[in-house]
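>>> any chance you could fold what I've pasted below:
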Amino acid sequence: MEVFQELSRCFGRYTHKGMDQVGSSSIMRGRESMMREAQAQEKIVSEEDTQQKLQNRAILELQKLGFTGTEVVNAALVFVKMPDQMRMLLALPDSLRREYILKMLADEAKRS
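Have a look, this model is predicted:
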């Protein structure tokens, strides 16, 4: 309370009640800001977790399709650059997945 009184004397325009309201308001704004930041961080972690799960599924699928280690690594490099390629792989019917990856790797080799 002494701090509020000292500030009231220094700044004159604040009353004890006013300082309490100003202080409470500042604390609430700080709390709300921290909550927004925490929610943003949770969203980022959730999106990264989802992306990691997709990557794991895609890599397992490539191994299941019989691709060599080098082909799996090259496909993974494409997936990092173009995540939509990975999503498309997982969306395709099983019968088209191998052909899709072969085309993707051939297109990537042409670009390099």
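>>> contacts, neighbours, all on C-alpha from now
Will do.
>>> residue ranges with poor pLDDT in this protein?
1-24 (pLDDT under 70).
>>> how about the helices in it?
2-11, 16-64, 69-81, 83-91, 94-111 (DSSP state H).
>>> pull the distance from the shortest one to the chain's centre.
Relative to the chain's own centre, helix 83-91 is displaced by 18 Å; criterion: C-alpha atoms, centre = their mean, to the nearest Å.
>>> need the CA coordinates for that helix. PDB is fine.
Coordinates of each C-alpha in helix 83-91 appear next as PDB, following Å, rounded to 0.1, in the frame of the first residue of the first chain:
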ATOM      1  CA  PRO A  83       5.200 -31.800 -47.800                       C
ATOM      2  CA  ASP A  84       2.200 -32.000 -50.200                       C
ATOM      3  CA  GLN A  85       4.100 -34.800 -52.000                       C
ATOM      4  CA  MET A  86       4.000 -36.900 -48.800                       C
ATOM      5  CA  ARG A  87       0.300 -36.200 -48.200                       C
ATOM      6  CA  MET A  88      -0.500 -37.200 -51.800                       C
ATOM      7  CA  LEU A  89       1.500 -40.400 -51.400                       C
ATOM      8  CA  LEU A  90      -0.600 -41.300 -48.400                       C
ATOM      9  CA  ALA A  91      -3.900 -40.300 -50.100                       C
END
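>>> turn the helices of the chain into TSV, columns for mean neighbour count.
Below are those laid out as TSV (neighbours: other C-alpha atoms under 10 Å):
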stretch	mean neighbour count
helix 2-11	13
helix 16-64	13
helix 69-81	15
helix 83-91	16
helix 94-111	13
